[in-house]
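Q: sequence and predicted model, in that order:
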Amino acid sequence: MAGSNEHIVNLLKLREELVERRRAVASNMEPGGIVATAKSVIEFQMSIEAIDRAIDDEKSPQRKL
């Protein structure tokens, strides 16, 4: 199970980095660039949600190592 904790820590670091990048993209929106910004935010959000699912999988007691 110790290896699983390492994976969770790595996934959490990746998630935090993606959240920071999403925030940066959203705060640096150029006038007229609303659609491009929205698309970027959506891509980051989809990645964050995928990482959340991976973290849940790592925490799952049914997970076979």
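A: On my side now, so go ahead.
Q: what's the first helix or strand after the lowest-mean-pLDDT helix or strand in the chain?
A: Comparing every helix and strand of the chain by mean pLDDT, DSSP states H and E singles out helix 2-27 as the least confident one, with a mean of 92. Where DSSP states H and E defines the elements, the next helix or strand beyond helix 2-27 is helix 34-59.
Q: how distant is that next one from the center of its chain?
A: Centre-to-centre, helix 34-59 and its host chain are 5 Å apart (C-alpha atoms, centre = their mean, to the nearest Å).
Q: show me what the least confident helix or strand of the chain is packed against.
A: In terms of contacts (3 or more C-beta pairs under 8 Å, 6 or more residues apart in numbering; DSSP states H and E), helix 2-27 is packed against helix 34-59. The way it works is simple: take the backbone N, C-alpha and C, and place the C-beta from them, glycine included.
Q: just the buried positions in the helix it packs on, please.
A: Residues of helix 34-59 classed as buried: T37, S40, V41, F44, S47, I48, I51, A54, I55, E58 (neighbour count, 16 or more other C-beta atoms under 10 Å).
Q: quick one, what contacts the residue nearest the centre of the chain?
A: Nearest residue to the geometric centre of the chain (C-alpha atoms, centre = their mean): I48, 2.3 Å. When contacts are counted by C-beta atoms under 8 Å, 6 or more residues apart in numbering, I48 is found next to R15, L18, V19, R22.
Q: do that again at 10 Å, thanks
A: I48 makes contact with L14, R15, E16, L18, V19, R21, R22 under the criterion C-beta atoms under 10 Å, 6 or more residues apart in numbering.
Q: likewise for S27?
A: Listed by C-beta under 10 Å, 6+ apart, the contact partners of S27 are T37.
Q: separation between it and K59?
A: Distance, S27 to K59, by C-beta to C-beta, to the nearest Å: 32 Å.
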